[in-house]
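Engineer: Sequence first, then the predicted structure:
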Amino acid sequence: MPTLNEIRMVAPALEKYTQDRLLGEVWKRPGLAPRDRSIVTLAALIARNQMTDMPYYVNVALDNGVTPREISELITHLAFYSGWPNAMSAVSVTKDVFAARKIGNDQLPSASQPLPLDEAAEAQRASRVGEQFGKVAPGVVQYTTDLLFRDLWLRPDLAPRDRSLVTVSALIASGQVAQIPYHLHRAMDNGLTQTQAAEALTHLAFYAGWPNVFSALPVAKDVFEKRR
Amino acid sequence: MPTLNEIRMVAPALEKYTQDRLLGEVWKRPGLAPRDRSIVTLAALIARNQMTDMPYYVNVALDNGVTPREISELITHLAFYSGWPNAMSAVSVTKDVFAARKIGNDQLPSASQPLPLDEAAEAQRASRVGEQFGKVAPGVVQYTTDLLFRDLWLRPDLAPRDRSLVTVSALIASGQVAQIPYHLHRAMDNGLTQTQAAEALTHLAFYAGWPNVFSALPVAKDVFEKRR
Amino acid sequence: MPTLNEIRMVAPALEKYTQDRLLGEVWKRPGLAPRDRSIVTLAALIARNQMTDMPYYVNVALDNGVTPREISELITHLAFYSGWPNAMSAVSVTKDVFAARKIGNDQLPSASQPLPLDEAAEAQRASRVGEQFGKVAPGVVQYTTDLLFRDLWLRPDLAPRDRSLVTVSALIASGQVAQIPYHLHRAMDNGLTQTQAAEALTHLAFYAGWPNVFSALPVAKDVFEKRR
């Protein structure tokens, strides 16, 4: 990220917005903790493959209490939800931050007991997707069950609520409007409150641009109304 | 940007298309001035975070009569419409071009009188958006009014018509189809002609790819027809 | 691309998924040849402007039997379908791989006889697009005919079936859902089988992320059903 001084050399107004509004105000809004804002920000950066600002925000995340284990899982999660190359770029950048902060293997996820699975809900999801797309792309459907919902989502080092926050943030940040309803419902089932979701949208307006957020608003509205 | 010679080492046909068609023909088409084409190009590059070609096109823009003040405002504007990280990347690249051309603070925007606001139109916009989304994401709605329409859009160093051209180009270049109608109407209210909009689409086919433009064509058609 | 060891330093789980699942399993699935998977991967990387992993995958492509001539044409093709800056980035990266492997001009496409054109089908396409958008953006419509369908698509060094595979992969990878039906039909007219298309979707889930593929599934389903 350019320094405030460097921003001033090109766009003094932007330096002022950055200092007064984004860093001085948005990050301090109630309704979403700084730790959660860090998760939202990292998810947006990885989803959009914007690695220039990444070292700065990985450090901010660690300072805000996101653990190395959680950052590791966040990147692993987004390999699937934003694509492998995005995760690979995130690895390249994050390894230097981890090295500089002497974060070693003992602070990273290790093989451990998966979280319990709600078998009934998963069976219902799998059968719905299988009926829709099982004959269209059997490989996709199989991996969605085996790799995503019976493996990745059950990894214990990132709480399901945080995993959902990562997913929803990445979807909004990359304009994947059609995929938001399922994952926003799931996020709220996993404990994300409506206030937190609304603040994530506000935060993402700055980090992913107004248009992505305005395209997400109608579907968020619809999800909120359905859950009343 | 690779040199024509470097392009030839990988893709001789592409070198020929670049020289004969893109640089030799598209940029010289009537209907949209080279200065405006530079604005469209910079907006597309920033919206898509493509910084490799950016130094070349910032220089072209300055040569085509886009002022440092306008480039500064264009980047500031896109912090909001393409996201902060895109603007930060643009700052990093542009500061070197500005330094090389000895463009100092005296050529950048300074605090100045905001443009007059059409209070009735803005009140109508704010009330429409507030009714739709005021309860969904109050932070987004508040910032849209305070920061965007009562602040950013009134900054005098980029004319509203150019600010609209930046916005519409960024929306088309990043596939934000749902947000095009409002901003294309606004652009034409701000003085962009239909011919200029059509040429911006043609220009963007090359800089943002055919699919983004083909997805924008039906909504552009609809806007043009509604304004007859 | 980070080494497996570097991935392990940040995300041991991701290292395991990469080695066991992506490289050890997905690439070896029947239904789509490694050569075709390389074409799909390069198209996705260029469409999403992800150049960090590009050198690795250009080498993989050459090892899998994609010729320098085909890679050259693939990049040229995507200048139009993903935008010029994406192709320029791909040139910058690919020229170093070509140089390292001593791939010279004699292995690149040269001026040659265009492929025969199905005049009736092209006339029908041109008239349909002309009626829809001829008055909206005449420049776009003209270039679509002259540069794309009567020039680019007839270049002989990338087979129409492969050119279609490149196009469809790029569309899916960049979320251009509205443009998929026309090009998936065209791909299958050009000889891409339904099994191959389904496997391309599976492959792209990993390289462009699950959400892009899930948004493409309904339109793929619709195309497959219409062709029964």
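Structural biologist: The structure has been received and is ready for your questions. Numbering: from 1, shown residues only, chains lettered A, B, ... in the order given.
Engineer: Quick test: name the residue nearest the centre of chain A.
Structural biologist: residue A:166 (2.1 Å; CA atoms, centre = their mean).
Engineer: Chain C versus the nearest residue to that one once chain neighbours are set aside, what's the distance?
Structural biologist: Excluding the flanking residues, the one nearest residue A:166 by CB to CB, 6 or more residues apart in numbering or on different chains is residue A:43, at 4.6 Å. The way it works is simple: take the backbone N, C-alpha and C, and place the C-beta from them, glycine included. Per CB to the nearest CB, to the nearest Å, residue A:43 is found 12 Å from chain C.
Engineer: Please compute how far the helix or strand containing residue A:43 lies from its chain's middle.
Structural biologist: Per DSSP states H and E: residue A:43 is located in helix A:34-47. The chain centroid and the centroid of helix A:34-47 are separated by 6 Å, computed with CA atoms, centre = their mean, to the nearest Å.
Engineer: Kindly report the same for stretch A:57-65.
Structural biologist: 14 Å.
Engineer: show me what contacts the residue nearest to residue A:166?
Structural biologist: Residue A:43 makes contact with A:74, A:78, A:165-167, A:169-170, A:173 under the criterion CB atoms under 8 Å, 6 or more residues apart in numbering or on different chains.
Engineer: can I get these in a markdown table with pLDDT and distance to residue C:184?
Structural biologist: Formatted as a markdown table, the contacts of residue A:43 follow (pLDDT from 0 to 100; distance: CB to CB, whole Å):
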| residue | pLDDT | distance to residue C:184 |
| --- | --- | --- |
| A:74 | 98 | 33 |
| A:78 | 98 | 27 |
| A:165 | 98 | 34 |
| A:166 | 98 | 31 |
| A:167 | 98 | 27 |
| A:169 | 98 | 30 |
| A:170 | 98 | 26 |
| A:173 | 98 | 27 |
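Engineer: So which of those is surrounded by the most neighbours?
Structural biologist: residue A:169 (31 neighbours; other CB atoms under 10 Å in any protein chain shown).
Engineer: and it, what is it in contact with?
Structural biologist: Counted by CB under 8 Å, 6+ apart, residue A:169 has contacts A:39-40, A:43-44, A:47, A:200, A:204.
Engineer: gap between the residue nearest to the centre of chain A and residue A:78?
Structural biologist: 7 Å (CB to CB, to the nearest Å).
Engineer: follow-up on the earlier one: residue B:125: which of the contacts of residue A:43 is nearest?
Structural biologist: residue A:173 (25.0 Å; CB to CB).
Engineer: my guess is that closest one meets residue A:48, correct?
Structural biologist: Yes. If you go by CB atoms under 8 Å, residue A:173 and residue A:48 touch, sitting 5.7 Å apart.
Engineer: shared neighbours of these two, which are they?
Structural biologist: A:208, B:83.
Engineer: For residue A:93, which non-adjacent residue is closest in space?
Structural biologist: Per CB to CB, 6+ apart, closest to residue A:93 is residue A:54, 4.5 Å.
Engineer: per-residue pLDDT, that neighbour?
Structural biologist: Residue A:54 carries a pLDDT score of 97 in this model.
Engineer: burial measure for it, as a count.
Structural biologist: With other CB under 10 Å as criterion, residue A:54 counts 23.
Engineer: hang on, it packs against residue A:91?
Structural biologist: No. Counting by CB under 8 Å, residue A:54 does not reach residue A:91; the two are 10.6 Å apart.
Engineer: can the helix or strand hosting residue A:223 be found next to chain C?
Structural biologist: Assigned by DSSP H and E, residue A:223 falls within helix A:210-226. No. Using CB under 8 Å from any CB of the partner chain, helix A:210-226 stays clear of chain C, coming no nearer than 11.8 Å.
Engineer: Where does chain A get nearest to chain B, which residue?
Structural biologist: In chain A, the residue that lies nearest chain B is residue A:202 (3.3 Å; CB to the nearest CB).
Engineer: So, low pLDDT: which residues of chain A?
Structural biologist: By pLDDT under 70, chain A has no low-scoring segment.
Engineer: just the helices in it please.
Structural biologist: A:4-10, A:12-16, A:34-47, A:54-63, A:68-81, A:84-100, A:119-133, A:138-143, A:160-173, A:180-189, A:194-208, A:210-226 (DSSP state H).
Engineer: about what we covered before: look up how far chain C lies from the residue of chain A closest to chain B.
Structural biologist: Taken as CB to the nearest CB, the span from residue A:202 to chain C is 22 Å.
Engineer: and if you look at residue A:195?
Structural biologist: 25 Å.
Engineer: Report the spatially closest residue to that residue, excluding sequence-adjacent ones.
Structural biologist: Using CB to CB, 6+ apart, the closest residue to residue A:195 is residue A:31 (4.8 Å).
Engineer: ok, now which ones touch that neighbour?
Structural biologist: A:195-196, A:198-199, B:139.
Engineer: Give me the contact list for stretch A:105-115.
Structural biologist: A:67-69, A:72-73, A:151, A:153-157, A:160, C:9-13.
Engineer: Next: stretch A:56-68.
Structural biologist: A:1, A:34-35, A:37-39, A:41-42, A:45, A:71, A:93-94, A:97-98, A:101, A:103, A:107-108.
Engineer: So how do I select the buried members of these in ChimeraX?
Structural biologist: Applying 16 or more other CB atoms under 10 Å in any protein chain shown to the contacts of stretch A:56-68, the buried members can be selected in ChimeraX as follows:
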select /A:1,34,35,37,38,39,41,42,45,71,93,94,97,98,103,108
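Engineer: Count the residues that sit near residue A:158.
Structural biologist: Residue A:158 has 25 neighbouring residues, counting by other CB under 10 Å.
Engineer: The closest residue to chain C within chain A and residue C:205: what is the separation?
Structural biologist: Chain C sits closest to residue A:139 of chain A, with a gap of 3.3 Å, by CB to the nearest CB. Note on residue A:139: its distance to residue C:205, by CB to CB, is 8 Å.
Engineer: Run a quick neighbour tally on residue A:112.
Structural biologist: Residue A:112 - counted by other CB under 10 Å - has 9 other residues nearby.
Engineer: Now do it against residue A:154, distance only.
Structural biologist: Distance from residue A:112 to residue A:154, by CB to CB: 10 Å.
Engineer: Ok, residue A:167 next?
Structural biologist: 14 Å.
Engineer: Then residue A:131?
Structural biologist: 24 Å.
Engineer: what do you get for residue A:181?
Structural biologist: 23 Å.
Engineer: Would you confirm that residue A:181 contacts residue A:216?
Structural biologist: No. Using CB under 8 Å, residue A:181 is not in contact with residue A:216; the gap is 10.3 Å.
Engineer: out of these two, which sits in the busier spot?
Structural biologist: residue A:216 (28 against 15).
Engineer: Next, the contact list for that one, please.
Structural biologist: A:172, A:177, A:180, A:201, A:204.
Engineer: Can you add neighbour count and distance to residue C:227 and give those back as TSV?
Structural biologist: Compiled in TSV, the contacts of residue A:216 are given as follows (neighbours: other CB atoms under 10 Å in any protein chain shown; distance: CB to CB, whole Å):
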residue	neighbour count	distance to residue C:227
A:172	33	34
A:177	19	28
A:180	23	30
A:201	27	40
A:204	26	39
